[in-house]
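Provide a 3D model corresponding to the input given below.
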Amino acid sequence: MQLRILVRGILVCLIVLGGLSSNGISQQRKRTNVQTATRPGKQRIQSAGLLTPDIQSALDQISPDSLRGHLSFIASDLLEGRSTPSRGLDLAAEYIAAQFRRCGLEPLGGTEAGAGQSYFQIANWLVTEPNLDAFELIVNDGPQAIKIDADQVSFATEQPLDVKSSPIVKVDYLDASSPISKFTKDQIAGKVVITNFPNRTENSRALNEFINGLRDLTPALMISIDRDHRTGTGLGGGRLIDPEGGDSIEAAPEPRFMTIHDPRVIKLFDSMQAGESKGSLSLKIGAVRQRPVKLRNVVGLVRGSDPVLKETYVILSAHYDHIGVNPTAGEDRIFNGANDDGSGAVSVIEIASALAALKERPKRSLVFITWFGEEEGLLGSRYYGRHPVFPLEKTAAMINLEQVGRTDSDEGPQLNKASMTGFDFTDIGPIFKAAGNQTGIEVYKHEQNSDAFFDRSDNQALADAGIPAHTLCVAFEFPDYHQPTDHWEKINYPNMAKVDRMIGLALIMIANSNEAPKWNESNPKTAPYLKAWRSLHQTH
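Next comes the predicted model:
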């Protein structure tokens, strides 16, 4: 009996103490809420209540394992580097559309992805391809004529070319760092120069001076031998032509130099003396052909909940293309582009899937886009700027994602951190900073790179149209950038998931605000964008 009384007394004490402790925490939260609510400016953004149970539940669905699963496909060898255009790019587009369909995003044409409904904004372009039927290359060293196949050369030209039995002049790069001083124009002009440009050089300035010096002597053609590989990239072709941009084959640059990989020509080069040889070269290339291609931006929508604000839009985007395959790159020839920018593309998928699960939708509509052709010059985003799916004047903001997966950098590990280009250009930066404070991510301005990188990704296309737009990244520069070794296994998936949760929260904050983001008028760098915004909204 006494034991029961003793236990009952202990339990009563624990309950009382628990209540006092709970009340103390509650009072502390109330004090914190009052403090954050009364602070002016960006601190006011950090008021409590951002992470409601509904929002927290949605953001918790962003999973490292899910991101890994998406990226291990997007950046797989099967997709062959996702160049624009390519079969691999088309496969990636279909995969992204399937994920948008899975999580219930609205397609372009309606509220349900049924028959005839599509997530693709299609751009009809032209691409050039070589006319191999008209190709002929013969190097005659005197007693023997060496006929060279198209796969043994790397040559980018779209102009017809006909060189008949032109004399060959050997100019060795190692002995002729200043070819103007060693050769006269009479010795070089109208002839074929054969040399040995290094594939890689620590002194790129010297190489450029060498090439420019030769070019000033007006050879008919410059040829470099390649000792490292036995397969070339072939003839020129693959240049994209935008029918709306007035581009054409006639606008293509004149041919500059060819690389020959054939070991017979390399042996011939080694046997030649410097200067004009007894050999000659004949080359015939026909005009390239054009063929139509369809390029696709992938677009999905989470419709907003406010009767008025749902007709305004916040864009989250990333490019899903990369730079394809280099046949001369050795064993690892595929540029998989896991961090650049597979990480951004799969983050768009994962964040879209999470926010589509919200029970209470944000006030504004959320648009999720993956772009084609960023690596070719922001082609997909610039196409969207000319052909917006949703009115530009109704587009409140755009956040673009680049390189959000790698945390290794020359500046040290970039854990629990993210930065934005043009951080001070609009008032979006403080919103992301506040979202970072809630989710454990430090969002900061990189003093050297923030402004310098503003025009290097797809945000630029919409900023030019007047839309407050930034690109967010984890590391501005990382090992393996534009290298075949940018593989999905090197991504820090837990960190990427954490950054993506911060991005999702920031998107909700922008979408729930009655005030749309604005350009910073006091920053002189924003003048052209502010002018475009005023023109878009017809204000002065």
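
where does Pro107 fall, phi/psi-wise?
Phi and psi for Pro107, reported as degrees, to the nearest 10, are phi -80, psi -180.

residues in contact with it?
Taking CB atoms under 8 Å, 6 or more residues apart in numbering, we find Pro107 in contact with Phe100, Arg101, Ala113, Gln117, Ser118, Tyr119, Val299, Gly300, Leu301. (Glycine included, C-beta is placed from N, CA and C.)

is Val153 in contact with Gly232, as I believe?
Yes: under the criterion of CB atoms under 8 Å, Val153 makes contact with Gly232 at 4.7 Å.

identify the contacts common to the two.
Common neighbours of Val153 and Gly232 (CB under 8 Å, 6+ apart) are Thr259, Ile260, His261.

need those residues in CSV (columns: secondary structure).
Converted to CSV, these look like this (DSSP: H, G, I helix; E, B strand; the rest coil):
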residue, secondary structure
Thr259, strand
Ile260, strand
His261, coil
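
Asn512: which of those residues is nearest?
Relative to Asn512, the closest of the shared contacts of Val153 and Gly232 is Thr259; by CB to CB it sits at 56.0 Å.

that closest one touches Val153, doesn't it?
Yes: using CB under 8 Å, Thr259 and Val153 qualify as a contacting pair, with a distance of 6.7 Å.

beyond the lengthiest strand in the chain, next helix or strand please.
For the chain, the longest strand by residue count, based on DSSP state E, is strand 289-302. Counting by DSSP states H and E, the next helix or strand C-terminal to strand 289-302 is strand 313-319.

could you list the low-pLDDT ranges of the stretch 1-150 of the chain?
Along the stretch 1-150 of the chain, the parts satisfying pLDDT under 70 run over 1-49, 109-116.

can you give me the strands in it?
Applying DSSP state E, counting those that start in this stretch to the stretch 1-150 of the chain gives strands spanning 120-129, 136-140, 145-147.

what's the average pLDDT for whichever helix or strand comes after the shortest one?
Okay, so that is strand 145-147. Moving toward the C-terminus from strand 145-147, the next helix or strand (DSSP H and E) is strand 153-155. In this model, strand 153-155 has an average pLDDT of 86.

buried members of the contacts of Pro107 into PyMOL, please.
Filtering the contacts of Pro107 down to the buried ones (16 or more other CB atoms under 10 Å) takes a single PyMOL command:
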select buried, resi 100+113+119+299+300+301
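
let's have the contacts of Pro107 in JSON lines, adding distance to Glu376.
Listed next are the contacts of Pro107 as JSON lines, based on distance: CB to CB, whole Å:
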{"residue": "Phe100", "distance to Glu376": "24"}
{"residue": "Arg101", "distance to Glu376": "27"}
{"residue": "Ala113", "distance to Glu376": "29"}
{"residue": "Gln117", "distance to Glu376": "28"}
{"residue": "Ser118", "distance to Glu376": "23"}
{"residue": "Tyr119", "distance to Glu376": "22"}
{"residue": "Val299", "distance to Glu376": "19"}
{"residue": "Gly300", "distance to Glu376": "23"}
{"residue": "Leu301", "distance to Glu376": "26"}
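
which of the contacts of Pro107 lies closest to Thr421?
Distance to Thr421, by CB to CB, is smallest for Val299 among these, at 22.6 Å.

residues in contact with the closest one?
Residues in contact with Val299 (CB under 8 Å, 6+ apart) are Pro107, Leu108, Tyr119, Phe120, Gln121, Val367, Phe368, Ile369, Val389.

if you set the cut-off to 6 Å instead, what comes out?
Counting by CB atoms under 6 Å, 6 or more residues apart in numbering, Val299 touches Leu108, Tyr119, Gln121, Ile369, Val389.

what of His470?
Taking CB under 6 Å, 6+ apart, one finds Met420, Thr421, Gly422, Ile428, Asn459 in contact with His470.

highest neighbour count among the residues you listed?
Greatest neighbour count in those, by other CB atoms under 10 Å, goes to Asn459: 30 neighbours.

pLDDT score assigned to that residue?
98.

start at 372 instead
Sure, I'll start numbering at 372, so the last one becomes Asn830.

tell me the phi and psi of it?
In terms of degrees, to the nearest 10, the main-chain angles of Asn830 are phi -60, psi -30.

give me the domain ranges for the chain.
417-496+666-908, 502-658 (automatic domain parsing).

which stretches of the stretch 422-571 of the chain form helices?
424-430, 435-445, 458-473, 550-553, 556-559 (DSSP state H, counting those that start in this stretch).

so which bits of the second one are buried?
Counting neighbours by 16+ other CB under 10 Å, one finds that the buried residues in helix 435-445 are Pro435, Ser437, Leu438, Arg439, His441, Leu442, Ser443, Ile445.
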